[in-house]
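**Student:** sequence and predicted structure are below.
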Amino acid sequence: MKYEGITLVTGAAGFMGSHVVEHLVREGIEVRATARSRRDVSFFDRLGVDFVAADLTNPASLPPLFDGKVDRVFHLGAICNFSTPYRKLYPTNVEGVRRLSGLAMQHGVKCFVHVTSTSVYGRYGGTPFVETSPRCPCDDYGRSKKNGEDEIFARMAEGLPVIVVRPCTVYGPRCNDGAGKVFSRPSAIAAIPGNGHQALSNVRAEDVAAAVLHLSRLDTAMGETYNIAEDSHPLLGKALRLAAEVFGTPPPKRQLPLAIIRILARLSGLAAGVRGKIPDLEYDATGYLADDYIVSNTKLKTTGFRFQYPEFETSIRQLGAGYHNAAA
């Protein structure tokens with residue numbers, strides 16, 4: 001698939017969206033970035049990117065995003081945490097998808113890449129999640145992403161050229177939301193949830209950005225769904241100790257039963273909510289810690305995609321070195 005027009009990136013001021021914008025610019029692609037109105041747009045100015053403010057919950061703000069010739073959309077605009085209730089997720093994560101995809105269809109977009117989440121699968125059932133695994137979300141965030149996917153699948157049936165991608169836990173530079181934040185910067189996790197032997201699936205933000213661009217260039221990817229997860233599956237306890245080591249924070253020295261972790265997460269969430277913050281360990285996220293959580297990347301790799309950061313420990317050590325260099 002070839003593109004000659006503008007590539008629109010929604011959620012461009014967020015963690016993942018900003019990485020997608022950076023990657024596209026490095027590839028010489030003309031980008032239009034959008035997010036809610038903000039005073040500081042220096043990030044986009046430095047990259048030479050056109051920034052157009054819009055709000056997925058405000059239909060009147062969306063049509064200008066498609067001015068000119070927009071022929072590709074990377075839709076990352078979403079609320080991405082486990083602490084926001086469904087009633088507040090729905091206007092962005094579901095209705096926003098319906099509105100934006102409808103406009104994309106009206107304007108003849110050649111490719112709409114919808115970035116969702118492996119949270120749509122719900123709890124682990126003992127075998128790695130593949131793209132055809134049942135979607136049984138177990139929390140408000142996962143439910144909002146599933147319902148957003150359903151909006152996209154309906155548009156696909158109407159003729160919109162769609163690619164659906166489901167990253168697992170994303171970590172990397174600038175990550176401040178979602179479960180990946182504990183592997184992206186210093187955190188205050190003082191204890192290992194459960195026995196610490198739960199296998200995880202993670203992925204670096206830079207690899208997600210490269211993967212969505214790679215897939216958008218493949219005619220064979222249209223109408224398909226792809227998981228995005230790195231090759232390794234670190235154990236939770238080892239991963240938390242490694243993150244503490246590389247970021248220079250006290251390592252978790254003890255294990256706590258998950259029942260106690262859930263109580264502490266609930267209390268931490270209430271305290272963080274008073275401050276308008278998202279806690280390092282969110283209550284609903286603890287529901288994923290009872291078992292392994294392994295996501296298969298086989299389908300993505302069969303397209304020829306190669307990860308820059310396929311192995312967790314090497315990636316975390318590189319990330320920690322970058323963090324300390326920036327601080328210095």
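**Tutor:** Now that the structure is in, tell me what you want to look at.

**Student:** ok, residue 136 - contacts?
**Tutor:** 121-123 (C-beta atoms under 8 Å, 6 or more residues apart in numbering). C-beta coordinates here come from the backbone N, C-alpha and C atoms, glycine included.

**Student:** so it versus residue 326, what's the distance?
**Tutor:** Remark: distance between residue 136 and residue 326 (C-beta to C-beta, to the nearest Å) = 40 Å.

**Student:** repeat that for residue 106.
**Tutor:** Plainly put, residue 106 is 43 Å away from residue 326 if you go by C-beta to C-beta.

**Student:** next: residue 166.
**Tutor:** In terms of C-beta to C-beta, residue 166 sits 30 Å off from residue 326.

**Student:** looking at the contacts of residue 136, which are in helices?
**Tutor:** For these, not one is inside helices, with DSSP state H as the criterion.

**Student:** please list only the buried members of those.
**Tutor:** The neighbour count (16 or more other C-beta atoms under 10 Å) marks 121-122 as buried among those.

**Student:** looking at the contacts of residue 136, which is nearest residue 313?
**Tutor:** Closest approach to residue 313 among the contacts of residue 136 (C-beta to C-beta): residue 121, at 25.2 Å.

**Student:** apart from its chain neighbours, what residue comes closest to that closest one?
**Tutor:** residue 129 (4.8 Å; C-beta to C-beta, 6 or more residues apart in numbering).

**Student:** for that neighbour, give the beta-bridge partners.
**Tutor:** residue 295 (DSSP bridges).

**Student:** OK, contacts around it?
**Tutor:** Applying C-beta under 8 Å, 6+ apart, one finds that residue 129 lies in contact with 118, 121, 227, 294-296.

**Student:** cool, residue 323 as well?
**Tutor:** 173, 185, 246-247.

**Student:** can you get me the start-to-end distance on stretch 305-316?
**Tutor:** Start-to-end span of stretch 305-316 (C-alpha to C-alpha, to the nearest Å) is 21 Å.

**Student:** right, and residue 175 touches residue 181 too?
**Tutor:** Yes. Using C-beta atoms under 8 Å, residue 175 makes contact with residue 181 at a distance of 5.1 Å.

**Student:** how far does the helix or strand bottoming out on mean pLDDT in the chain sit from the chain's center?
**Tutor:** Here the helix or strand of the chain ranked lowest by mean pLDDT, DSSP states H and E is helix 258-274, holding a mean of 83. Computed by C-alpha atoms, centre = their mean, to the nearest Å, the chain-centroid distance of helix 258-274 equals 23 Å.

**Student:** more neighbours: which of residue 106 and residue 326?
**Tutor:** Taking other C-beta atoms under 10 Å, residue 106 and residue 326 do not tie; residue 106 has more neighbours (11 against 8).

**Student:** skipping adjacent residues, who's closest to that one in space?
**Tutor:** With sequence-adjacent residues excluded and distances taken as C-beta to C-beta, 6+ apart, residue 106 is closest to residue 66, at 7.9 Å.

**Student:** for residue 80, see how far away the one you found is.
**Tutor:** On the measure of C-beta to C-beta, residue 66 and residue 80 end up 24 Å apart.

**Student:** mind giving me the packing neighbours of the helix or strand where residue 72 lies?
**Tutor:** In this structure, residue 72 sits in strand 70-75 according to DSSP states H and E. Contacts defined by 3 or more C-beta pairs under 8 Å, 6 or more residues apart in numbering; DSSP states H and E place strand 70-75 against strand 6-10, helix 15-26, helix 96-106, strand 111-115, helix 205-216.

**Student:** pLDDT score for the spatially closest residue to residue 272 that is not a sequence neighbour?
**Tutor:** Using C-beta to C-beta, 6+ apart and skipping residues adjacent in sequence, the residue nearest residue 272 is residue 279, 4.1 Å away. On pLDDT, residue 279 comes in at 76.

**Student:** same check, this time on residue 72
**Tutor:** As summarised for this prediction, residue 72 has a pLDDT of 98.

**Student:** do you know how far residue 167 is from residue 178?
**Tutor:** Note on residue 167: its distance to residue 178, by C-beta to C-beta, is 10 Å.

**Student:** can you give me the buried ones in stretch 320-328?
**Tutor:** In terms of neighbour count (16+ other C-beta under 10 Å), stretch 320-328 has its buried residues at 320, 323.
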